Each structure stands twice: as structure tokens, then as C-alpha cells.
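[1] Just a sequence and a predicted model for now, questions to come.
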Amino acid sequence: MEIHYACEQFGNAVHELAVNPGRIKERLIRACVDHVHHASSLSANVSPDLNGAIADVQPRATTLPGGEPGSITFAIEAVTEDEASDVANQICEIAMRLDAEAIDLASIRRHPAADQ
């Protein structure tokens, strides 16, 4: 997965969380199903720390109470509003970090001699 694809998917997820009507759980389900789920693969262009943060979202959105795996819809519906809000916040933070890494990567590509 390219960093720009991850930026796009997490940016779309943030948009979903921010502007669509509905409870936080409804917005989080749509964000995860439509966007975050597609950006959960590892990328060579993303730092290992950020890849770890991206990977951490998936189980939070698919683990039922008791630790059993489940669908995004059932898992998110089963958490509290506060827990859903925490996952949404994690998605927003990842989106910001992805944007920052993409900018840094673009800067390095434009000015490769600056790193030598």
C-alpha cells in the first residue's frame, strides 16, 4: 500500500466521522467498512511505528466483547460510546500522522541532496 493511498483512505474516514449524520458508532462503522479496512495493509512508505498504529485499529474495530473476532458492525455496536469515540480519535490521529509522513516523503524526493 502506498502512503498516498493510506492518506486518502484515512482522510476519507475522517471526513465520514466529521460530517455525516448519525451516532458516533454509525459513523465509525461506515468509516471502518468503507475506508479504514482498505488501508490496513503494511506499506513500505510508512514508518514502522505508524504501520503499527494502523494495524492496531483493525482489531479494535473487529473484536467482540470477550475477545472474539467479529464483523466491524457487530464489534463497534458492542462497544460503549466512549470506546467508539476513542477509536474515532485514533483514526483522526493516524490520518494526521500519515499526512505528515507523506509531506516529509515528498520533501525528501524533491530535495534528495539535503539528506546526504
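    Nice, I can see it.
[2] all helices of this protein, in order?
    In the chain, the segments counted as helices under DSSP state H are 3-19, 24-34, 48-62, 72-78, 81-110.
[3] so of those, which one's packed in deepest?
    helix 24-34 (a mean of 20; mean count of other C-beta atoms under 10 Å). Every residue, glycine included, has its C-beta placed from N, CA and C.
[4] Return the list of helices and strands in contact with that one.
    Secondary-structure packing of helix 24-34 (3 or more C-beta pairs under 8 Å, 6 or more residues apart in numbering; DSSP states H and E): helix 3-19, helix 48-62, helix 72-78, helix 81-110.
[5] how about the helices of the chain in JSON lines, adding mean pLDDT?
    Shown next, in JSON lines, are these (pLDDT from 0 to 100):
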{"stretch": "helix 3-19", "mean pLDDT": "93"}
{"stretch": "helix 24-34", "mean pLDDT": "96"}
{"stretch": "helix 48-62", "mean pLDDT": "90"}
{"stretch": "helix 72-78", "mean pLDDT": "96"}
{"stretch": "helix 81-110", "mean pLDDT": "90"}
